[in-house]
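# mind looking at a prediction? Sequence and model below.
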Amino acid sequence: MDAIKIAVIGIGNCASSLIQGITHYKDKSQEDAIGLMHWDIGGYKPYDIDVVAAFDIDKRKVGRDVADAIFALPNCTTVFCSDVAKTGTIVKMGKCLDGFSDHMKNYDEKYTFIKADAPEPDKKEIVNILKSSGTEVLLNYLPVGSEKAVRFYAECALDANVAFINNMPVFIASDPEWARRFHEKNLPIIGDDIKAQLGATITHRTLTDLFRKRGVKLERTYQLNTGGNTDFLNMLNRSRLLSKKESKTEAVQSVAGKRLENENIHIGPSDWIAWQKDNKVCFLRMEGKLFGDVPMHLEMRLSVEDSPNSAGIVIDAIRCARLALSRNEGGVLYPPSAFFMKHPPKQFSDDEAYRLTEAFIDGTWETVPDEMPYFSRKQTEEVVA
């Protein structure tokens, strides 16, 4: 089978971990491949992915081969595979718009972006690059708060007729209008806001679901996160956090037995600590009542390398998107979105999302709930029939 051809918007830490991982698993067998949820999806292995186009705005990355750009500053994630071969794909200048927060100009260059002098492309240029490169799936790794920039690239995906995976919290897949547009063009979309393999949100969701199943009344909770990468530095601008906080909060609220009042739940980035680099530390507290109204509380500290924590999820999302393309199924891919993302159009418990995603992969997912208005052309025909 030919490798899946992807284009990447934003060659930061997350892209670095993903591309390192593609090389890392090439000399692995299924038995010794650690850190993957699926070895094979639709015949595609985790290394059956080629980066054929890439976009960034940093002068240390634009004009360089992707294999070199992923290790350039301000990237600071763990290097677990340093021998990434040259891809032959040169990072192109991307469209900035609101993808760069002005407050980041005040920090040392090793922590922040340095905008390249190259002229920014228009939509037609981006679309031409996607088409000429043979891109099948476009990945969005833009910074939190890049509302205009994300919508610009979503438009490019539609015009170039490629699948779109929205890894950050600008709501595209979960916006009915955008969902409709991808449905009408029969293009797969997975989103929004990547859920880490074992991160703060998936752990918080699991514990919240456990409280519900065990009859514990959850009364209040917080999740505070610190990190030292450009993502956390970018999020010091609190005006860029509205969608991020909504995404993370709704991910937890959706599995609670009863929704908490706003003042009793606080979830979101707390601070940037430079020396943490790509390490993310989560401080989690949950307060509730047990049998007989007896109070209890849980406190947890979770430390993870942020970017590799998402890469395995994205490798699965890429393969699910390609699988949909091969089946001529477009629109929102609801099961993968629910399993891989924090803010999907339709929330399920993680157990149910897992079951539905397995059914999607093996081709047996057929149930389309009424609250899912945009689904694949194939499923639309079946429902109408």
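Received, thanks. Numbers count the residues shown, from 1 in each chain.
# which residues sit against stretch 272-283?
For stretch 272-283, the external contacting residues (Cβ atoms under 8 Å, 6 or more residues apart in numbering) are 13, 76-78, 111, 199-200, 203, 222-229, 232-233, 235-236, 270, 299-307, 309. Every C-beta, even on glycine, is put in place using the N, C-alpha and C of the backbone.
# please spell out the PyMOL selection for the buried subset of those.
The following PyMOL line selects those of these that are buried, judged by 16 or more other Cβ atoms under 10 Å:
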select buried, resi 13+76+77+78+111+199+200+203+222+223+224+225+226+227+228+229+232+233+235+270+302+304+305+306+307+309
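# now the phi/psi pair for the residue of the chain positioned farthest from its centre, please.
No residue in the chain sits farther from the centre than residue 292, which is 41.5 Å out by Cα atoms, centre = their mean. Main-chain dihedrals, residue 292, degrees, to the nearest 10: phi 80, psi 20.
# ok, it to residue 221 distance?
Distance, residue 292 to residue 221, using Cβ to Cβ, to the nearest Å: 21 Å.
# please enumerate the strands of the protein.
4-9, 49-56, 92-93, 137-140, 163-166, 188-190, 217-227, 265-272, 279-289, 295-305, 331-332 (DSSP state E).
# quick one: which of the ones you listed is nearest residue 241?
strand 265-272 (6.3 Å; Cβ to Cβ).
# any chance of the strands of the chain in a markdown table, plus distance to residue 84?
Output for the strands of the chain, formatted as a markdown table (distance: least, Cβ to Cβ, whole Å):
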| stretch | distance to residue 84 |
| --- | --- |
| strand 4-9 | 14 |
| strand 49-56 | 10 |
| strand 92-93 | 19 |
| strand 137-140 | 17 |
| strand 163-166 | 21 |
| strand 188-190 | 25 |
| strand 217-227 | 24 |
| strand 265-272 | 28 |
| strand 279-289 | 22 |
| strand 295-305 | 18 |
| strand 331-332 | 32 |
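# isn't residue 284 right up against residue 200?
Yes - contact criterion Cβ atoms under 8 Å: residue 284 and residue 200 qualify, at 7.0 Å.
# anything in contact with each of these two?
The contact lists of residue 284 and residue 200 share 223, 302, where a contact means Cβ under 8 Å, 6+ apart.
# determine which stretch of the strands of the chain is the most buried.
strand 188-190 (a mean of 30; mean count of other Cβ atoms under 10 Å).
# quick one: residue 158 from residue 282, how far?
36 Å.
# now do the helices in this structure.
13-24, 66-69, 123-133, 147-160, 176-184, 200-213, 230-234, 242-253, 308-326, 334-340, 350-362, 377-384 (DSSP state H).
# deepest in the core, which of the ones you listed is it.
Most buried among these, counting by mean count of other Cβ under 10 Å: helix 334-340, with a mean of 26.
# ok, and what's touching that one?
Against helix 334-340 from outside (Cβ under 8 Å, 6+ apart): 173, 190-192, 194-195, 313-314, 316-317, 320-321, 344-348, 350, 352-354, 356-357, 359-360, 365, 372, 375.
# quick check: mean pLDDT of stretch 39-57?
Taken as a whole, stretch 39-57 carries a mean pLDDT of 97.
# first-to-last residue distance for it?
Start-to-end span of stretch 39-57 (Cα to Cα, to the nearest Å) is 33 Å.
# find the nearest non-adjacent residue to residue 72, please.
Leaving aside its chain neighbours, residue 72 sits nearest to residue 60 (4.3 Å; criterion: Cβ to Cβ, 6 or more residues apart in numbering).
# check contacts around that neighbour.
69, 72, 73, 114.
# what's next to stretch 307-316, contact-wise?
12-14, 16-18, 20-22, 35-38, 41, 46, 49, 77-78, 80, 139, 165, 167, 194-199, 229, 278, 280, 336, 340.
# low-confidence bits of the protein, can you list those?
Within the chain, the ranges that satisfy pLDDT under 70 run 366-385.
# if we go to 50?
Applying pLDDT under 50 to the chain picks out residues 374-385.
# about what we covered before: among the strands of the chain, which is nearest residue 255?
The nearest among the strands of the chain, by Cβ to Cβ, is strand 217-227 at 10.2 Å.
# which strands and helices lie in contact with that closest one?
With contacts taken as 3 or more Cβ pairs under 8 Å, 6 or more residues apart in numbering; DSSP states H and E, strand 217-227 sits against helix 200-213, helix 242-253, strand 265-272, strand 279-289.
# can I get those in CSV including distance to residue 132?
Below are these laid out as CSV (distance: least, Cβ to Cβ, whole Å):
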stretch, distance to residue 132
helix 200-213, 37
helix 242-253, 32
strand 265-272, 38
strand 279-289, 37
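# how close does the residue nearest to residue 21 when sequence neighbours are not counted get to residue 274?
Distances taken as Cβ to Cβ, 6+ apart place residue 311 nearest to residue 21, at 4.9 Å, with adjacent residues excluded. Residue 311 sits at a distance of 23 Å from residue 274 (criterion: Cβ to Cβ).
# got the contact list for the residue nearest to residue 105 when sequence neighbours are not counted?
Among residues not flanking residue 105 along the chain, residue 112 sits closest, at 7.3 Å (Cβ to Cβ, 6+ apart). Neighbouring residues of residue 112 by Cβ under 8 Å, 6+ apart: 74, 104, 105, 230, 233.
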